[in-house]
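Asker: Return a 3D structure for these sequence lines:
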Amino acid sequence: MRILVVEDEKKVASFIKKGLEEQSYAVDAVYDGIEGEKYATLNEYDLIILDVLLPRQDGIVTCQKIRLKKVETPVLMLTALGETEDKVRGLDSGADDYLTKPFQFEELLARVRALLRRKSQDKSTVLQVGGLALDPVTRTVEREGKPIRLTNKEFALLEYFLRNKGQLLSRVNLAQHVWNVSFDMESNVIDVYVKLLRRKIDKGFDKPLLHTVVGAGYVLRDEDSND
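Answerer: Take a look at the predicted model:
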């Protein structure tokens, strides 16, 4: 899952980015409203965390503009302004939720998870294919009842495959959603992680689930079903 953080206080932005990355999210951070609007409209995100008091263009205007451009990505608005009228302004501008500073990271994370669940068309909490199951809430993975231990990046990669099971995903797709906009496409990091992930979820089982489509990318599917 890919998240955009728009926050002018760089220490706060870094704190949020680091915390979310530790939870396996891919995170881009920018520091003013104009850049936030640009990133939100040019890239595909699963969630935007948007501060209100931003230089160059405040968060209210930024949210209004991206909604006018038909960006439907959920927006979690952050601000030090805690009055009811301030919250109403934020929500009326197109935000989906509102969190007042200072906040505990655990609450931010809970709101992030809630908005991402709301956005997902998959009603089931657990993501599954061919006996492989991933629970985003408990952050556990198993195949045919056997627990599988993954690193944070492997977990994020598998979650993205599962949310797009049966679909061919290119290296560009994976870079954008599991890494971030600064990812070096000349690197072989993606191929290395796919190889590591395949070893953990397929080795020792009767049939492979993670397939390579030469020259095109990768697909996670159970070839004995419609997944």
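Asker: tally of neighbours for Y31?
Answerer: By other CB atoms under 10 Å, the residues close to Y31 number 17. (Glycine included, C-beta is placed from N, CA and C.)
Asker: what do you get for the one 3 residues further on?
Answerer: Residues lying near I34 (other CB under 10 Å) number 16.
Asker: pLDDT-wise, which helix or strand of the chain ranks last?
Answerer: helix 84-92 (a mean of 74; mean pLDDT, DSSP states H and E).
Asker: Buried residues of the helix or strand just after it, list them for me.
Answerer: Downstream of helix 84-92, the first helix or strand assigned by DSSP states H and E is strand 97-100. Across strand 97-100, burial judged by 16 or more other CB atoms under 10 Å covers 97-99.
Asker: what's the closest of these to E142?
Answerer: Using CB to CB, D97 comes nearest to E142 of the buried residues of strand 97-100, at 31.6 Å.
Asker: got a pLDDT number for the nearest residue to that closest one once chain neighbours are set aside?
Answerer: Of all residues not flanking D97 in the chain, L76 sits nearest, at 4.9 Å (CB to CB, 6 or more residues apart in numbering). Listed pLDDT for L76 reads 93.
Asker: A helix includes L76, no?
Answerer: No - when DSSP: H, G, I helix; E, B strand; the rest coil is applied, L76 is found to be strand, with no helix at that position.
Asker: can you pull the contacts of it?
Answerer: The neighbours of L76, taking CB atoms under 8 Å, 6 or more residues apart in numbering as the test, are 47-50, 95-99, 108, 111-112, 115.
Asker: one step back: turn the buried residues of strand 97-100 into TSV, columns for pLDDT.
Answerer: Below are those laid out as TSV (pLDDT from 0 to 100):
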residue	pLDDT
D97	89
Y98	89
L99	89
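Asker: Going along the chain, name the helices of this structure.
Answerer: Applying DSSP state H to the chain gives helices spanning 10-22, 33-42, 59-68, 84-92, 105-119, 152-163, 171-178, 189-202.
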